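[1] kindly return the folded structure for what I paste below:
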Amino acid sequence: MRPSTISGLGVFLAALPVAAAAEAITVRTENFARPPYSGATYYVYERAGQTVCTKLSVCNKFNACDVTYKPGAYKDPEDAEAGAPFATTPAVAIPPASLSKHVCLTRFGLPGQSR
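    This is a model prediction of the structure:
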């Protein structure tokens, strides 16, 4: 191989993780207070800047939780009225081997999976 071909191949291979990361599914959270003594946590699943689905977990002070799953972006009217969440976490990539463990993703279709 010529040196220019080898360096071109190196640039291509170096770009692969970036392309794969752009297609990765990530999850981040948003937390809202719910009176009395309860809270709502949104798990927002995203891919390439688009929301795939949203898991909402509303727990009372005894840690009994109701969980719902919605396709795309979702915010309960009570939380939308409250404004910004009081806490958030940054988006974290979900390893491909773990995608099928996330009910929100399996319910609304994983990439490459027929519904």
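[2] the residue nearest to residue 100 when sequence neighbours are not counted: neighbour count?
    Leaving aside its sequence neighbours, residue 100 sits nearest to residue 106 (Cβ to Cβ, 6 or more residues apart in numbering; 6.0 Å). C-beta: built from backbone N, CA, C; applies to glycine. By other Cβ atoms under 10 Å, 15 other residues sit near residue 106.
[3] and residue 106, how far is that from residue 80?
    Distance of residue 106 to residue 80, given as Cβ to Cβ, to the nearest Å: 27 Å.
[4] neighbouring strands - and their directions - for the helix or strand that contains residue 33?
    Using DSSP states H and E, the element containing residue 33 is strand 25-34. Strand 25-34 sits in its sheet next to strand 38-47 (antiparallel), strand 87-88 (antiparallel), strand 92-93 (antiparallel), going by DSSP bridges.
[5] brilliant, that's me finished.
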